[in-house]
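# Sharing a sequence plus its predicted fold:
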Amino acid sequence: MNIGYACLALGVPGSEMKSCTRKNATEERLLSLIGHNLDALNTMIEYNIRSGIRLFRISSDLVPFGSSLAAELPWRTMYGDVLATIGCKIRNAGMRASMHPGQYTVLNSPEGSVAQRAVEDLEYHAKVLHFLGLGTEHKIVLHLGGAYGDKRQAMKRFISRYTELRPEVRDRLVLENDHRLFGIGDVLKTASKVGIPVVYDNLHHAVNPTEESCTDLDWIKRCGETWTINGGPQKVHYSQQHTQKKPGAHSDSIQVDGFLAFCQQLPDRELDIMLEVKDKNLSALKCLNCISRRGISSLEAEWARYKYSILERSPHNYDAIRGLLREKDTYPAVEMYRLIEMSLSVPPTTGNAVNAAQHVWGYFKDRVSEAEKARFQRAVHKFWLGETDLRSVKSTLLTLARKYQEEYLLTGYYLYL
DNA sequence: TGACGTCAAGATCCG
DNA sequence: CGGATCTTGACGTCA
């Protein structure tokens, strides 16, 4: 079973994507952005391989305005080497990549120009995967589109537009249920008419269920039948409801117990699970560490990345986790992540937050300029007085960590959580 | 016409 | 001036 995350990685220096607005989008600028983003993608792929993550969604913004302004630019030739390198790494690692145009790519729109732009957008996505040298098991996930007051008609229009797509696009396209209009029943009905594989999204289903009273497992089995041999293993999307926000909003992190319960009822066959969650790779690593025994050193590495975030919220749990990891012949993954989740669910007290920030400050306090020192102290002081929030203290520290290349802090989670 | 979702760019504010 | 923080942009549908 592969578990993956979408588009960007936290705590991976050099993986940041860039973009620009339409009015600043000269050819020159676009080409340089594409070069930068390909390097960033390469960095993320290398991180994934290092971390044992073998499922990854490539951001649609890899090529800014890829289906319009940049569509005719020679980025394939200019960046042929990086493209080949990235593709090789993905294939050699047995990693599966995917892409997912957003809610604004609407193939079934009654408006011809909207549908045409959707076609161009899908062609752009297929081009990225093709230029990377990836086979058709590396999919493009799409929603059915709009309803326009007549769902059946809208589903029919999707099918007719789908059949007109170029084979390069059609062979990669898979359909996902959405959280508002087309439930998994609608999607299966539509997809089965033309043989499109279906991605089941559990949270979309929870928010927008299909009439029939089926469990996640039932739907996953039914979707499984749509995945043929050359399409690769079945894919599902898994996410959890954010406890504060409106129904359908993704949680900040995947709760390990909910995830394990979901996994336990899965069919006994190959399945790729794409997590949709704010903390991205952090949850992917967590889930991987919890479903397979990856050695205590893997947990120690995780602890090193989490520890200041725990220190600022729960010094008690900080000690408890250190205690857990002291037993070298155990593998207390689930216990450790439960303690981490428990800690992260409460906001830091002012005193603990300042204490943790001072610990982190210790990494470069001897090297910084007087001005930087003053800036940090002022930020802490204002936070102490309640005049600003912790984010400003952390962003000051992040700026310093970048400037002084403090790898340990840049690859830890404290500055990003 | 604004909400929806998501990210970084761009604009502005501040010491 | 440089860095922190806020607002805007990009996209289409629907209330």
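Looks like it arrived, so ask away.
# Now do the buried residues in stretch A:13-25.
Residues of stretch A:13-25 classed as buried by neighbour count (16 or more other Cβ atoms under 10 Å): A:15, A:17, A:25. C-betas here are computed from N, CA, C, even on glycine.
# Surely A:T226 touches A:L188?
Yes: taking contacts as Cβ atoms under 8 Å, A:T226 lies within contact range of A:L188: 7.2 Å.
# any common contacting residues for those two?
Listed contacts common to A:T226 and A:L188 are A:V198; contacts here mean Cβ atoms under 8 Å, 6 or more residues apart in numbering.
# Contact residues of the stretch 101-250 of chain A facing DNA strand C?
A:102-106, A:109-111, A:114, A:117, A:145-149, A:181 (Cβ under 7 Å from any atom of the strand).
# Which of the residues you listed fall in helices?
A:114, A:117 (DSSP state H).
# Out of the residues of the stretch 101-250 of chain A next to DNA strand C, which are close to DNA strand B?
Near DNA strand B, taking Cβ under 7 Å from any atom of the strand as the test, the members of those found are A:102-104.
# Just give me the closest of the residues you listed to A:A249.
Closest approach between these and A:A249, by Cβ to Cβ: A:Q103, at 14.2 Å.
# In contact with that closest one, which residues?
Counting by Cβ under 8 Å, 6+ apart, A:Q103 touches A:143, A:178.
# now it: how far from A:G351?
Per Cβ to Cβ, to the nearest Å, A:Q103 is found 43 Å from A:G351.
# same question, A:S297
Distance from A:S297 to A:G351, by Cβ to Cβ: 33 Å.
# Next one, pLDDT for A:N230 please.
In this model, A:N230 is scored at 84, pLDDT.
# That one reaches A:R172, doesn't it?
No: using Cβ under 8 Å as the test, A:N230 is too far from A:R172 to be in contact (11.3 Å).
# Compare these two and say which is more crowded by neighbours.
Taking other Cβ atoms under 10 Å, A:N230 and A:R172 do not tie; A:R172 has more neighbours (26 against 9).
# beta partners for the closest residue in space to that one that isn't next to it in sequence?
In this structure, A:R172 finds its nearest non-sequential neighbour in A:I140, 4.6 Å apart by Cβ to Cβ, 6 or more residues apart in numbering. For A:I140, the beta-bridge partners are A:M99, A:L173 (DSSP bridges).
# For the stretch 251-400 of chain A, which residues are neighbours of DNA strand B?
A:276, A:278, A:378.
# buried sites along stretch A:165-177?
Those would be A:165, A:169-177, for stretch A:165-177 by 16+ other Cβ under 10 Å.
# again with stretch A:47-54
A:47-49, A:51-54.
# on that earlier part again, now intersect the buried residues of stretch A:165-177 with the strands, please.
A:173-176 (DSSP state E).
# can I get those in a markdown table with pLDDT?
Output for these, formatted as a markdown table (pLDDT from 0 to 100):
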| residue | pLDDT |
| --- | --- |
| A:L173 | 97 |
| A:V174 | 97 |
| A:L175 | 97 |
| A:E176 | 96 |
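# just how off-centre is stretch A:149-160 within its chain?
Distance of stretch A:149-160 from the chain centroid (Cα atoms, centre = their mean, to the nearest Å) equals 30 Å.
# Would you mind putting the CA coordinates of that stretch into PDB?
Coordinates of the C-alpha atoms in stretch A:149-160 are reproduced here as PDB (Å, rounded to 0.1, in the frame of the first residue of the first chain):
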ATOM      1  CA  GLY A 149     -29.800  22.500 -13.000                       C
ATOM      2  CA  ASP A 150     -29.900  19.100 -14.800                       C
ATOM      3  CA  LYS A 151     -27.400  16.600 -13.500                       C
ATOM      4  CA  ARG A 152     -28.300  13.800 -15.900                       C
ATOM      5  CA  GLN A 153     -27.800  16.200 -18.800                       C
ATOM      6  CA  ALA A 154     -24.500  17.400 -17.300                       C
ATOM      7  CA  MET A 155     -23.300  13.800 -16.900                       C
ATOM      8  CA  LYS A 156     -24.200  13.100 -20.500                       C
ATOM      9  CA  ARG A 157     -22.300  16.100 -21.600                       C
ATOM     10  CA  PHE A 158     -19.300  15.000 -19.700                       C
ATOM     11  CA  ILE A 159     -19.200  11.700 -21.500                       C
ATOM     12  CA  SER A 160     -19.500  13.300 -24.900                       C
END
